[in-house]
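K.L.:
no sequence on this one, just coordinates:
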C-alpha cells in the first residue's frame, strides 16, 4: 500500500538507500523531476524502468502512475537488495522488480506507455530498438546519459526509428554552507536527457 507521502514526487536523494562507497550514483532529484515529467506519466501508465539501480525513478513513477504498473529492471545483483529496500520503504504494490539483462528481460513484460532508461549495460541500441518495437501508441521513451557520444547515439537512433526526438541538458547546483555561515553553490554533474515519442 502507498505510504502517505507529503507529495507525489521530489523525494530527497538521501531518502533512498544507495550503494557505498558509490553513494550518489542515483538519479538526482533535479534530474529525476525533469525525467519523470518528460515520461508523460498518467495514473494508469505501464512503465519500464530499465537499469533501475536502487529504484528512485521506479518509486516516484509508481506514485504518479498509481493505478498503473511499474517494472524495475536491474541486472546488477549487488543493487537488488537496495532496490528491494527502497521499494519496501517508499514504493507501492504496483512496482515489480525484474532481475535480468535488457533487452531479454523485457520480453515477458506488458507493452509500455513509458520507458525510462537509466542504465543500459552496454546494450543501449538494442534496448532502444526493442523498446520502440513494443511501445504503445502515444508512448514515450526517456534516456538519461552522462556522455556526449552516447547521447548522440540515442538521439539519432530514436529519430531513425520514427520518433519525434528532443534533447535537454540539465545542469544544477546545490547550496553548501561554509564554516563561516556563507553559502556557496556546489555543481552537480550535467545530465543529458533524450526523449522520443510517437506523433508530432
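P.N.:
Okay, I see it. Every value quoted in this text rests on a predicted model; they were computed, and no experiment measured them.

K.L.:
Every contact and neighbour count from this point should use C-alpha atoms.
P.N.:
Noted.

K.L.:
max-length helix in this protein?
P.N.:
As assigned by DSSP state H, the longest helix anywhere in the chain is helix 148-160.

K.L.:
for the next helix or strand after it, which positions count as buried?
P.N.:
For helix 148-160, the following helix or strand on the C-terminal side (DSSP states H and E) is strand 164-170. Neighbour counts over strand 164-170 (16 or more other C-alpha atoms under 10 Å) mark 164-165 as buried.

K.L.:
What pairs with strand 164-170, parallel or antiparallel?
P.N.:
Taking DSSP bridges as the criterion, strand 164-170 sits next to strand 191-197 (antiparallel) in its sheet.

K.L.:
Show me the shaky parts of the chain.
P.N.:
1-27, 91, 200 (pLDDT under 70).

K.L.:
And for it, the residue most distant from the center?
P.N.:
Here the chain reaches farthest from its C-alpha mean at residue 180, the gap being 37.6 Å by C-alpha atoms, centre = their mean.

K.L.:
ranges for the strands of the chain?
P.N.:
Counting by DSSP state E, the chain has strands at residues 46-50, 69-74, 95-99, 114-117, 140-145, 164-170, 173-177, 183-187, 191-197.

K.L.:
Of those strands, which stretch is the most buried?
P.N.:
strand 46-50 (a mean of 28; mean count of other C-alpha atoms under 10 Å).

K.L.:
so what's the residue lying closest to residue 171 once chain neighbours are set aside up against?
P.N.:
The shortest distance from residue 171 to any non-neighbouring residue, by C-alpha to C-alpha, 6 or more residues apart in numbering, is to residue 190 (4.6 Å). By C-alpha atoms under 8 Å, 6 or more residues apart in numbering, residue 190 lies in contact with 146, 169-172.
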